[in-house]
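Chemist: Take a look and give me a structure for this.
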Amino acid sequence: MKIGKIILFGLMAWSCAGLVLGQEEKKSSYAPVVLTEEFSATMFRMKAEKSGVMKRQLEFLQERYDLRNDTAPNAMMTGGKPVQQGIRVKLAPGLSWEKLAAMTPEDIRDGDFFPKGFLPLPHPNHPQGGMVFPHLEIDEIKKQEGRDLARFDLDFDLPDHFLPEFPPPMFLTTRPDLGDVSQGKLVTSDNFFELFDGILNPKQIEGLRLLVTPFPQQQFNDTSDRRSERPSRGVSCFDCHANGHTNGATHLSGDTRPQEYRHRIDTPTLRGLYIQRLFGSQRALKTVEDFTEFEQRGAYFDGDPVLATKKGANILERGSQVQFMAEFEELLDFPPAPKLDVFGKLDPAKADAAELRGQAIFFGKGQCAICHTPPYYTDNSTHNLQAERFFKPRMINGLMAVADGPIKTFPLRGIKDSPPYLHDGRLLTLEDTVEYFNLILGDNLTADEKTDLVAFLRSL
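Modeler: Predicted coordinates for the structure are as follows:
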């Protein structure tokens, strides 16, 4: 009898375990804090997987885009880097942009004709996520500070020619007479004082010091669940926002769970921060001070304050640190736009015919100015483009492509300096961006109108 009860109990336990194992794994908002694998084993495993991960991402990008280096004649970023030209998003065989624009959103969705390059862009390794830096930033920081921003499991995925110039010029609202105050250098903890002593006041210098000071971050810290080979001092704000602009570094939004629903983030420029009233592509925090404090307390750690505590969160003091950082950030100016008048529109005496035609399209048929109002070409609001009308939800390399929801209106001043485009960097050129909005908004622009609109955007 006793043996029979033991056998019965064992069968019941096995049955219950089978039910649990047969259930779909429950998604949690929380990442594990206590690890079950030694760091050396994790690094060995991920290093071995790295080439396969990057090969898969490159093949994925080549399927979506034409990645060739093809620069536009006489189109340069502010510091002189050539601007990439042409539509790089690939269409399905037999389809043209004109045919696509003539379809209804329902026809495009049901026929699966929405260009793959218009779908949300996944992180180089979406299930892992985390900050990934272009090699130019990694090399320069290592040269100046001896700090290594390389990951043992991942490399940055987009080619250099689709990224902002490096290092980018820096302009200040308080000293427009100086032009590029960075003097062609990447501003770091190694050189910020010599570059800005005598230009900034003491509060602003302290704010800049904090912006170039590395602090612990999810992938770069001292713990055994980091993604750097050696324990790391962390990352600084300007490791992504190089010279107060951007180097194209990518990450995942900390706002959403589970992991596959998190957006890839293309680092936005901080130029012109002084005219912005919303911060974060979807968080819509109301001050840059709020955003700065939020980043340090949680977003650096995927929005997880538990991991932040474990890995060494740096809690900034609001009055003497956060405010000083914000004071410097709000000095960062847009690059010069010599063809614009004081109202942010083209001076007819300086603009060419294509730019003037493009401006008329921007304020008319293209419907761009509904959201992007001059002089800085933002309405400081958020808008939902409802791009999900054009495609069915799907998994793409670990990313669940669904509705984006409302996204803030980023300023278009200096837009030629800030590729790639859209909040996740899915659009590689301004031509791609014009095609995207032409389809989403139903503008029915002609090929010549699209060309003129790109010419206007490059003049901003």
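Chemist: going forward, measure contacts and count neighbours with C-alpha atoms only.
Modeler: Fine.
Chemist: which stretches of the stretch 351-460 of the chain form helices?
Modeler: 353-363, 430-441, 447-459 (DSSP state H, counting those that start in this stretch).
Chemist: start to end distance for stretch 294-313?
Modeler: End-to-end span of stretch 294-313 (CA to CA, to the nearest Å): 11 Å.
Chemist: Other residues contacting that stretch?
Modeler: Residues outside stretch 294-313 that contact it (CA atoms under 8 Å, 6 or more residues apart in numbering) are 30, 33, 130, 215-218, 221-223, 252-255, 314-316.
Chemist: buried sites along it?
Modeler: Neighbour counts over stretch 294-313 (16 or more other CA atoms under 10 Å) mark 294-308, 311-313 as buried.
Chemist: swap in stretch 60-71?
Modeler: Phe60, Leu61, Arg64, Tyr65, Leu67.
Chemist: what's the least confident helix or strand in the protein, going by average pLDDT?
Modeler: helix 2-22 (a mean of 36; mean pLDDT, DSSP states H and E).
Chemist: Please identify the buried residues of the very next helix or strand once past that helix?
Modeler: Sequence-wise, the next helix or strand downstream of helix 2-22 (DSSP states H and E) is helix 39-64. For helix 39-64, the neighbour count (16+ other CA under 10 Å) marks Phe39, Thr42, Met43, Lys47, Lys50, Val53, Met54, Gln57, Leu58, Phe60, Leu61, Arg64 as buried.
Chemist: ok, now stretch 316-332?
Modeler: In stretch 316-332, counting by 16+ other CA under 10 Å, buried: 316, 321-332.
Chemist: Helices - which of those land there?
Modeler: Gln323, Phe324, Met325, Ala326, Glu327, Phe328, Glu329 (DSSP state H).
Chemist: Pick the one among those closest to His135.
Modeler: Nearest to His135 among these is Glu329, at 24.9 Å by CA to CA.
Chemist: quick one: the residue nearest the centre of the chain from Asn201, how far?
Modeler: Geometric centre of the chain, nearest residue: Asp266, 0.9 Å, by CA atoms, centre = their mean. Plainly put, Asp266 is 31 Å away from Asn201 if you go by CA to CA.
Chemist: now Phe39
Modeler: 45 Å.
Chemist: Check which element follows the top strand by length along the chain along the chain.
Modeler: What stands out as the longest strand in the chain, according to DSSP state E, is strand 71-76. Sequence order places strand 82-84 as the next helix or strand after strand 71-76, per DSSP H and E.
Chemist: Point out the other helices and strands that that next one packs with.
Modeler: When contacts are defined as 3 or more CA pairs under 8 Å, 6 or more residues apart in numbering; DSSP states H and E, strand 82-84 packs onto strand 71-76.
Chemist: Turn the buried residues of stretch 60-71 into JSON lines, columns for distance to Pro164.
Modeler: As requested, those are exported to JSON lines (distance: CA to CA, whole Å):
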{"residue": "Phe60", "distance to Pro164": "22"}
{"residue": "Leu61", "distance to Pro164": "19"}
{"residue": "Arg64", "distance to Pro164": "21"}
{"residue": "Tyr65", "distance to Pro164": "18"}
{"residue": "Leu67", "distance to Pro164": "16"}
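Chemist: what would the buried residues of stretch 316-332 look like in TSV with pLDDT?
Modeler: As requested, those are exported to TSV (pLDDT from 0 to 100):
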residue	pLDDT
Leu316	94
Gln321	97
Val322	97
Gln323	97
Phe324	98
Met325	98
Ala326	97
Glu327	97
Phe328	98
Glu329	98
Glu330	97
Leu331	98
Leu332	98
